[in-house]
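>>> Here is a sequence together with a model predicted from it:
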Amino acid sequence: MSDLLPFGPGAWAFIALYLSLLLLLGWAGRAARKEDTLQDFYLGGRGFGFFVLLLTLYATQYSGNTIFGVAGATYRFGFGWLVSVHYMLAIVVFYLAFAPKLHDLSRKRGYVTPADYLEDRYDSKAISLVGSIVMIVALNNYLLAQLMTMGRAMQGLAGPFGDEAYNYGVVGLALIMLIYGTLGGIRAIAWTDVIQGGVLLIGFFVLLVLLIDEFGPLSAATARVAASPDAFKVARPEPAMLREWLSYMIVIGVGGALYPHAIQRIYAAKSRRTMNRSLASMTFLPYMTALIAVIAGIYALAYVPGLEGPATDQALARLLRIVQGNSPLGYAVVVVIFSALLAALMSTADSAMLSISSMFTKDIYAVHLNPNASESELTKIGKRCSWIVVGALVVLAILLKNQASLIGLIDRKFDVLIQLAPAFMLGIHLPFLEKGPVLVGLVAGLVIALGLAFGPFDFVVAGKVWGLHPGVYGLCVNATIAVAGSRLHRNPVRS
Amino acid sequence: MDDSDIREARGSTLSAQSKPRWWIIIVYLVFLALVIPWYWPAGDTRSAYGLPLWVIATLAALLLTSAFTSWVFLSSPEDSADE
């Protein structure tokens, strides 16, 4: 957002009102607390109905990256980045592979964190520990990216005081998030998600209307791009890019479904029917969000040409600046879109924060450090953990100012997270899967994914091998070891 | 009952309780073949309603996938004990 014009007092009053509402919901979440237990704090007593579940899943899945990252990538790749609609739908499709059964089990067996299932299914502290570490690392990466984008959003509005505004933005928004998150736990976060999800949906709709009103129909924008040196961005992508499509659908589809905070929302659903209805509705949301972000990227390509490198992530902001300067209505609409961006960032970050704290408290502290701690004690530890983790990431976000590309951060996180797919998605359907091969497969998958991603290999081009993410290769080896290893391990015993 | 049987019994308890509808995977493979436009001519520049035709084709396939997924969720068995 670093290319927007500075906001006036009216805009700041609107944003302050919105942020105050989040704090109020934090207090309301605390007042609605039924008991001082982990289940109540982290799963809201497993009582999420259709509407809350749908909007909390939506607000959590669609981060700040959906708006600016997708528009920026579309600017670079043209319609080839339509794959963002595909991978957002793929997340919902991959839920089918495990969510309904996992929901049933979570109610019967009282799971609070994703690792509770791993521990219960495989009777292995090693698998649940490795699983927790993988999920905590991936979520920290995600949370850091959201905090940095919060800083950049504020940076862009402060004119010459941008650097200070970045720091104040990261600290201030993280503080608000921490207050409502630790006050009301998942209830506060889900209720704020309802507001944030609503603002996000309205923001996307307004963005579409605004673009058409300001720049004319999409056909004119497409024709303009087709007549420019960027004409190849309108044509069907090359086979290499289409291989990347497949890879993104696997990596983000599987990884997004395995987000720990998403799994905890599956646990928190009031019933299987409620969850199924929410996920059924989720299948249509990519058209109201990711597709609009792609269209915005095309408009930017047509009307703000010439951006290169990291500046392409600012493509949408450049477009909005034109709108903002043209009329008071345009200015007001940009304020709404900016609020939607804040909503997207905060709703994703707060869920990641709560999930990290639950996993550290329940899977690491309660199991390895203090097995005799009471539920009330653990809830307190969880809240402290949120403050410590977010505090550390705020410092890191300030130190790493303007360092990481949004898409780059996303890629590595999913490479790691998808290695948990055999343990969850296969383990829930294949009774013969055993802990030894699953653990060996998981470790092998992680080594391959990280080794290919960070190793000095010439055949790794732009972080991918033959257009596929390193995590995909890791996952293939991982799943093969888990399934074949379990079969081989069992057969000799039988004979 | 040996160790392996015990392990599998545990896996059975914490794995699928109802028979998975494996045919759904076949349908998804068909959708996968349609949503990635490998089949569309590379040099085609035709468009309609402001979108290249290949984009319309892949979006149409994607919408079908959404509708099918929605149906699968809504038609899957419900655990009455939860309600």
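The structure has been received and is ready for your questions. Numbering: from 1, shown residues only, chains lettered A, B, ... in the order given.
>>> helices and strands around the helix ranked longest in chain B, which ones?
The residue-count maximum for a helix in chain B (DSSP state H) belongs to helix B:53-75. When contacts are defined as 3 or more Cβ pairs under 8 Å, 6 or more residues apart in numbering or on different chains; DSSP states H and E, helix B:53-75 sits against helix A:83-95, helix A:272-282, helix B:23-35. C-betas here are computed from N, CA, C, even on glycine.
>>> Give the rounded mean pLDDT of stretch A:106-124.
On average, the pLDDT along stretch A:106-124 is 92.
>>> Check the separation of the first and last residues in it.
Here the two ends of stretch A:106-124 are set 18 Å apart, with distance taken as Cα to Cα, to the nearest Å.
>>> ok, and which of the helices and strands packed on helix B:53-75 has the densest surroundings?
The densest packing among these, expressed as mean neighbour count by mean count of other Cβ atoms under 10 Å in any protein chain shown, is seen in helix A:83-95 with a mean of 25.
>>> Quickly note the distance from B:Ile25 to A:Ser247.
19 Å (Cβ to Cβ, to the nearest Å).
>>> wait, A:Ala280 sits on B:Thr69?
Yes. Shown here, A:Ala280 and B:Thr69 form a contact pair, counting by Cβ atoms under 8 Å, at 7.4 Å.
>>> how does chain A divide up, domain by domain?
Under automatic domain parsing, the residue ranges defining each domain of chain A are A:9-403, A:430-495.
>>> Among those, which comes closest to B:Ala33?
domain A:9-403 (10.7 Å; Cβ to Cβ).
>>> any idea how far that closest one is from the chain center?
4 Å (Cα atoms, centre = their mean, to the nearest Å).
>>> residue ranges with poor pLDDT in chain B?
Low-confidence segments of chain B, defined by pLDDT under 70: B:1-20, B:78-83.
>>> Leaving out chain neighbours, which residue sits closest to B:Tyr39?
Nearest-residue entry for B:Tyr39: B:Ala33, 7.9 Å, with adjacent residues in sequence omitted and distances by Cβ to Cβ, 6 or more residues apart in numbering or on different chains.
>>> got it, and A:Tyr331?
Once its chain neighbours are removed from consideration, A:Tyr331 has its nearest residue in A:Gln324; the separation is 5.2 Å (Cβ to Cβ, 6+ apart).
>>> would you say that neighbour is within a strand?
No. The assignment for A:Gln324, made by DSSP: H, G, I helix; E, B strand; the rest coil, is helix rather than a strand.
>>> what about it, neighbour count?
22 (other Cβ atoms under 10 Å in any protein chain shown).
>>> hang on, isn't it packed against A:Gly330?
Yes. At 5.6 Å, A:Gln324 counts as touching A:Gly330 under the criterion of Cβ under 8 Å.
>>> Which helix or strand in chain A has the lowest average pLDDT?
Ranked by mean pLDDT, DSSP states H and E, the weakest helix or strand in chain A is helix A:406-417, scoring a mean of 70.
>>> any residue of the helix or strand just after that helix up close to chain B?
On the C-terminal side of helix A:406-417, the closest following helix or strand by DSSP states H and E is helix A:421. No. For a cut-off given as Cβ under 8 Å from any Cβ of the partner chain, helix A:421 has no contacts with chain B; the smallest distance is 14.8 Å.
>>> just the domains of chain A: most buried one?
Ranked by mean neighbour count, these are led by domain A:9-403 with a mean of 21 (mean count of other Cβ under 10 Å).
>>> Fine by me, we can end here.
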